[in-house]
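> I would like to see how this sequence folds:
(one chain, ligands or ions: 1)
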Amino acid sequence: MSKSNKTKKNRRKDTPRGADLRMTGGLRPSKKLGQNFLVDEEVISEIIEGSSIDESSLVIEIGPGMGALTEHLVERAGRLVAIELDDRLIPVLRVKFFGYDNFELIHGDILEVDLEELVRREKEEYSLTNVRIVGNLPYYITTPIITKLLEKGTGADSITAMMQKEVGDRLAAEPGTKNAGAITYQVHMYSEVFKVVDAPSDCFYPAPKVDSVVLRMDLRDEPAVKVSDEEFFFRCIKAGFMQRRKTLLNSLMTLGDFSKAEISEALEKAGIETTRRAESLDMNEFAILADCLKETKNR
Ligand code: SAM
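As a prediction, the model looks like this:
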């Protein structure tokens, strides 16, 4: 999975000395908003280097916080649009980036912003040729953010995102292996995934309880596999993983639209044994199975 595979060694386990409220100008980090601010220059520089940004890039930053990544992104990007939810950080960011005419701040919820429209407008107005989404994500909504970025055609070329290591491992797992989950198939359907860098908990203030990883997802021009109905394909995958210990013959019953005989027939047609579980199917097998199931209804 990894383009580069850097791990920091011999790190302190606690928050670095001096990383206290002085680093946030007295502002108390909000747990509820997933605020763990990046304080490690090495990791920051890996993220910036790993994002392939230049003056032809529109960069959308999710959750700029105090601006640790923003201050580097804004120097390289053609345009930087940062989206931050916390009211308290808005004046801080406005003051910090006052002098940059390529900087725009949206005070809002990333899950609510119409990214498609934002990208269309920005690209048109500023003649930018590539779109890079970057963020040290608020961990409480990592999955909805990634799903939104992949599902809705935002027109992004890449997503470089810091997330909890455990979630990153799931996203980057190969479909058809033990670590895979339903979201793995979604990520691989629409992107190629690479690890940029590991980030132990002491890279942040306050230090989270878990380690983190930065992944880069390069969006594909075409989905990895062809299926007759993408929505149904993902419904099948979700049903398969909802009860991942069960065989496909049983777990696919939760789709609700098929009898056991129909599922068994589709599995046989797809060349998949009825005793197999969702986690053992690769993208191609799930694609064939979804199409065979669909056919049983269309007869
Ligand atoms: N980028 C900064 C850094 O690396 O130091 C902050 C990262 S912190 C993990 C996540 C940031 O996302 C916080 O600034 C938080 O306020 C913001 N945030 C939380 N929920 C958000 C949402 N729904 N939409 C936009 N920003 C959000």
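
> and the lengthiest helix in the chain, which residues are buried?
Ranked by residue count and defined by DSSP state H, the top helix of the chain is helix 283-298. For helix 283-298, the neighbour count (16 or more other CB atoms under 10 Å) marks 283, 285-294, 296 as buried. C-betas here are computed from N, CA, C, even on glycine.

> And Asp14, what's its pLDDT?
On the pLDDT scale, Asp14 is placed at 45.

> can you check Ser201 too?
We have a pLDDT of 96 for Ser201.

> Can you tell me the closest non-neighbouring residue to it?
Nearest in space to Ser201, with sequence neighbours left out and distances taken as CB to CB, 6 or more residues apart in numbering, is Ala207 at 4.4 Å.

> Show me which residues of the stretch 51-200 of the chain sit near the ligand.
By the rule CB under 6 Å from any ligand atom, the part of the stretch 51-200 of the chain lying against the ligand is 63-66, 68-69, 83-86, 89, 109-111, 136, 138, 141.

> who touches stretch 215-230?
3, 50-51, 150, 156-161, 163, 168, 171-172, 187-196, 233, 283-284, 286-287, 290-291, 294 (CB atoms under 8 Å, 6 or more residues apart in numbering).

> rerun at 6 Å
With contact meaning CB atoms under 6 Å, 6 or more residues apart in numbering, stretch 215-230 is reached by 50, 156-160, 168, 172, 188-196, 233, 283-284, 287, 290-291, 294.

> now the end-to-end length of stretch 148-168.
Start-to-end span of stretch 148-168 (CA to CA, to the nearest Å) is 16 Å.

> From the chain's centroid, how far away is that stretch?
3 Å (CA atoms, centre = their mean, to the nearest Å).

> The buried residues of helix 283-298: which ones sit near the ligand?
Answer for the buried residues of helix 283-298 near the ligand: none qualify (CB under 6 Å from any ligand atom).

> Closest to Arg276 out of the residues you listed?
Proximity of the buried residues of helix 283-298 to Arg276 (CB to CB) peaks at Glu285, which lies at 8.7 Å.

> Leaving out chain neighbours, which residue sits closest to that closest one?
According to CB to CB, 6+ apart, the nearest residue to Glu285 is Ile272 (6.0 Å).

> What confidence value was assigned to the one you found?
pLDDT, read off for Ile272, is 96.

> likewise Tyr126?
pLDDT, Tyr126: 94.

> just to revisit the earlier point, quick one: which of the buried residues of helix 283-298 is nearest Ser45?
With CB to CB as the yardstick, the closest approach to Ser45 among the buried residues of helix 283-298 comes from Met283, at 34.0 Å.

> OK, contacts around that closest one?
175, 224-225.

> In those residues, which residue is surrounded by the most others?
Highest neighbour count within the contacts of Met283: Pro175, with 22 neighbours (other CB atoms under 10 Å).

> Let me see the domain layout of this protein.
Domain segmentation of the chain under automatic domain parsing yields 3-219, 230-298.

> for the last one, the distance to its chain's centre please.
The reference is to domain 230-298. 26 Å.

> before we move on, which element is the residue nearest to the spatial centre of the chain in?
The chain has Ile146 as the residue nearest its centroid, 3.5 Å off, counting by CA atoms, centre = their mean. Taking DSSP states H and E as the criterion, Ile146 maps to helix 142-151.

> same for the helix or strand that that helix is followed by, what does it pack against?
Scanning forward in sequence from helix 142-151 by DSSP H and E, the next helix or strand is strand 158-164. Helices and strands touching strand 158-164, by 3 or more CB pairs under 6 Å, 6 or more residues apart in numbering; DSSP states H and E, are strand 130-136, strand 212-219.

> Next, format these as JSON lines and append mean pLDDT.
As requested, those are arranged in JSON lines below (pLDDT from 0 to 100):
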{"stretch": "strand 130-136", "mean pLDDT": "98"}
{"stretch": "strand 212-219", "mean pLDDT": "98"}
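
> Just put those in a markdown table and tack on distance to Asp101 and mean neighbour count.
Output for the helices and strands packed on strand 158-164, formatted as a markdown table (distance: least, CB to CB, whole Å; neighbours: other CB atoms under 10 Å):
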| stretch | distance to Asp101 | mean neighbour count |
| --- | --- | --- |
| strand 130-136 | 19 | 24 |
| strand 212-219 | 28 | 22 |
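
> now those strands as TSV including distance to Asn250?
Formatted as TSV, those follow (distance: least, CB to CB, whole Å):
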stretch	distance to Asn250
strand 130-136	38
strand 212-219	32
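
> Endpoints of stretch 99-118, how far apart?
22 Å.

> quick one: buried residues of that stretch?
102-103, 105, 110, 113, 115, 118.

> Tell me how many other residues surround Ala161.
With other CB under 10 Å as criterion, Ala161 counts 25.
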